[in-house]
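K.L.:
When you get a sec, could you give me coordinates for this:
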Amino acid sequence: MQWAQAHFFIGFMESNREAAVEKVREIAERVGASQGLEIVDVELLGGGNNRVLRIFIDKLAGVTHADCEYISHQVGTILDVEDTIPGARYTLEVSSPGVERRLSKPKEFERFVGQKVKVVLREPVENQRHLTGTLTHFAGGVITLEPAPGKSVQFPLEQVEKANLKFEW
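P.N.:
Got it, this is the predicted structure:
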């Protein structure tokens, strides 16, 4: 019986974390919209006094230090006033998603057509779960990837477990 209570407590804490992340995302999107900033992702990691709240931002012209500072100051102030992250302290980090950013939303796949991507699929396509190639097309929820010149592979977005841009060094 004690184990069930502990399990419930962990589940309860996780739902609070998800609710807090969603609230932060809403606040950040509202603040970022006025500056043409896209909120790519929000993460709340760690526990107790060692929590880290990460907000990843992007914009077509590229993210500047001033963009990160703006989101950090504006969103941080709102979070403190509204006590959005209750309890112990946390560290707020704001950054760009990086050159090998994660792709998950349909609009991200549309935006990065023509770029090289690395994809991990839930189920194999042509006996492969790990594919790297040029994202040649995205429409109707279907991704078209060219892993080699003249070779094309298609799969639905829901089949994607993980996808990232692949930077050519």
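K.L.:
So which residues of the protein form strands?
P.N.:
Applying DSSP state E to the chain gives strands spanning 38-45, 51-58, 90-95, 116-125, 128-139, 142-148, 151-156, 160-165.
K.L.:
and His7, what pLDDT?
P.N.:
On the pLDDT scale, His7 is placed at 40.
K.L.:
Setting the sequence-adjacent residues aside, check what's closest to the residue nearest the centre of the chain.
P.N.:
Nearest to the geometric centre of the chain sits Asp41, at 3.4 Å (Cα atoms, centre = their mean). Nearest-residue entry for Asp41: Phe56, 4.5 Å, with adjacent residues in sequence omitted and distances by Cβ to Cβ, 6 or more residues apart in numbering. Using the backbone N, CA and C atoms, a C-beta is placed for each residue, glycine as well.
K.L.:
returning to what we had before: so the residue nearest to the centre of the chain makes contact with Gly98?
P.N.:
No: with contact defined as Cβ atoms under 8 Å, Asp41 does not reach Gly98; the gap is 11.0 Å.
K.L.:
what residues are up against the closest residue to Val153 other than its chain neighbours?
P.N.:
Distances taken as Cβ to Cβ, 6+ apart put Leu145 closest to Val153, at 5.0 Å, once the chain neighbours are dropped. Leu145 makes contact with Val117, Val119, Leu131, Gly133, Thr134, Leu135, Thr136, Ser152, Val153, Gln154, Phe155, according to Cβ atoms under 8 Å, 6 or more residues apart in numbering.
K.L.:
The nearest residue to the fifth one once chain neighbours are set aside: neighbour count?
P.N.:
Yep, that's Thr134 we're talking about. Spatially, and ignoring its direct neighbours in sequence, Thr134 is nearest to Glu146 (4.6 Å; Cβ to Cβ, 6+ apart). If you count neighbours by other Cβ atoms under 10 Å, Glu146 ends up with 16.
K.L.:
any low-confidence regions in this protein?
P.N.:
In the predicted model, the chain carries pLDDT under 70 at residues 1-15, 88.
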